[in-house]
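S.K.: 3D, please:
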Amino acid sequence: MKAGRRRVPGGGSVRSAWWMGWLCACFFGITSTSSAQVSADVPTHESFEFASKALGETRRINVHVPAGYADGQARFAMLVMPDGGLAEDFPHVAKTIDDGDAAGEIEPVLLVGIENTERRRDMTGPTTVDADRAIAPRVGGSAAFRAFIADELMPEVARRYRVDGRRGIIGESLVGLFAIEGFLREPALFDVVIAISPSLWWNDAALVREAPALLAAAPATPRRLYLTSADEDTIVPHVAALAAILSRTASKDLAWTYVPRPTERHDTIYNASEYDALRWAYPARPRAP
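M.R.: Got it, this is the predicted structure:
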């Protein structure tokens, strides 16, 4: 999978250059996906449509359950992933979870993928920078998207599937930005955050400047944060700055790590880091005999 991935700046990952035209269209709100566009090696999954009041639109949700789910009664952590379409990052993340589970290194989790409609609207907060506002017809909708996840999607998933109350998020680039914004602004929403090359440059890196005050106001609850970055000069300084803030101010209840990957690029960092990130965030638990 790694060799075939491509990425447009700020965009979601896909499997080959053939997808580029589709992805550009997706940025501007075209949501239909033909069966020919779905990779043949998508792991077993279920999908459902959900009409969101917070977003004012219907979203397609893809769910991958752990091996043996149907034959047991165990409950699992819920891992939410934007960029969760079948032609986006859902297939390779689901496969990584399965591989780690089979190897006894990653705890099996219930993966909840959210297919994109207007990605740059949903993943970004407000901005005062003209260049930021120019990347899409609409930006700044992250608060509404968090409300959709918190108040609508996660309760619906808990109604449909056996989950244990733990909630995580994984994503790269603008989704990494969205994950960090949620980590700082709504610390009770996710207990695990995996942010891969987060686009913290957004709004002139205002979120990084606000981080000390937001961290100081966060409740003392156990959380885990995994940060990584590639060789991106627009991203690395801000992620490193956030890591420096965490090293000075993080509470003892926050387990966090920053793993720079300067040999990776924006189009390779997701595949290169996801196994280690998931193994760190969800280490395998002792198995019953």
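S.K.: Show the pLDDT at the closest residue in space to residue 168 that isn't next to it in sequence.
M.R.: Excluding the flanking residues, the one nearest residue 168 by Cβ to Cβ, 6 or more residues apart in numbering is residue 192, at 3.3 Å. (Glycine included, C-beta is placed from N, CA and C.) Predicted confidence (pLDDT) for residue 192: 98.
S.K.: and residue 192, bridged to which residues?
M.R.: residue 168, residue 224 (DSSP bridges).
S.K.: right, and it touches residue 182 too?
M.R.: No. Residue 192 lies out of contact with residue 182 (Cβ atoms under 8 Å); the separation is 11.5 Å.
S.K.: so what pLDDT did residue 40 get?
M.R.: 49.
S.K.: circling back: between residue 192 and residue 182, which one's more packed in?
M.R.: The neighbour count for residue 192 versus residue 182, taken as other Cβ atoms under 10 Å, is higher for residue 192 (26 against 23).
S.K.: contacting residues for the more buried one?
M.R.: Counting by Cβ atoms under 8 Å, 6 or more residues apart in numbering, residue 192 makes contact with 77, 79, 166, 167, 168, 169, 223, 224, 225, 281, 282.
S.K.: which stretch of helix or strand covers the first one?
M.R.: Which is residue 77. Taking DSSP states H and E as the criterion, residue 77 maps to strand 76-82.
S.K.: helices or strands up against that strand?
M.R.: helix 90-102, strand 110-114, helix 154-160, strand 163-172, helix 174-185 (3 or more Cβ pairs under 8 Å, 6 or more residues apart in numbering; DSSP states H and E).
S.K.: what about 6 Å?
M.R.: strand 110-114, strand 163-172 (3 or more Cβ pairs under 6 Å, 6 or more residues apart in numbering; DSSP states H and E).
S.K.: okay, those strands, which one's buried deepest?
M.R.: Among these, strand 110-114 has the highest mean neighbour count (mean count of other Cβ atoms under 10 Å), at a mean of 25.
S.K.: After it, heading C-terminal, what element do we hit next?
M.R.: helix 119-122.
S.K.: CA atoms of that following helix as CSV?
M.R.: C-alpha atoms of helix 119-122 as CSV (Å, rounded to 0.1, in the frame of the first residue of the first chain):
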residue,chain,number,x,y,z
ARG,A,119,-13.2,17.9,4.6
ARG,A,120,-11.6,21.3,4.8
ARG,A,121,-14.8,22.8,6.3
ASP,A,122,-15.1,20.1,8.9
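S.K.: neighbouring contacts of that helix?
M.R.: If you take Cβ atoms under 6 Å, 6 or more residues apart in numbering as the criterion, helix 119-122 is touched by 135, 136, 138, 139, 141, 145.
S.K.: out of everything not next to it in sequence, what's closest to the first one?
M.R.: Translated: residue 135. Leaving aside its sequence neighbours, residue 135 sits nearest to residue 120 (Cβ to Cβ, 6+ apart; 5.5 Å).
S.K.: Could I get the full set of strands for this structure?
M.R.: 46-52, 57-64, 76-82, 110-114, 163-172, 192-196, 223-229, 254-260 (DSSP state E).
S.K.: helices or strands up against the longest one?
M.R.: This points to strand 163-172. Where contact means 3+ Cβ pairs under 6 Å, 6+ apart, strand 163-172 is packed against strand 76-82, strand 192-196.
S.K.: And the ones you listed: which comes nearest residue 216?
M.R.: Closest approach to residue 216 among the helices and strands packed on strand 163-172 (Cβ to Cβ): strand 192-196, 17.9 Å.
S.K.: Now the closest one: buried residues?
M.R.: Across strand 192-196, burial judged by 16 or more other Cβ atoms under 10 Å covers 192, 193, 194, 195, 196.
S.K.: Please dump the helices and strands packed on strand 76-82 into JSON lines; it should also carry mean pLDDT and distance to residue 239 for every row.
M.R.: Converted to JSON lines, the helices and strands packed on strand 76-82 look like this (pLDDT from 0 to 100; distance: least, Cβ to Cβ, whole Å):
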{"stretch": "strand 110-114", "mean pLDDT": "98", "distance to residue 239": "24"}
{"stretch": "strand 163-172", "mean pLDDT": "98", "distance to residue 239": "12"}
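S.K.: Of the ones you listed, which is nearest residue 131?
M.R.: strand 163-172 (20.9 Å).
S.K.: Can you name the residues in contact with that closest one?
M.R.: Applying Cβ under 6 Å, 6+ apart, the external contacts of strand 163-172 come out as 75, 77-83, 179, 190-194, 196-197, 270.
S.K.: Good, wrapping up.
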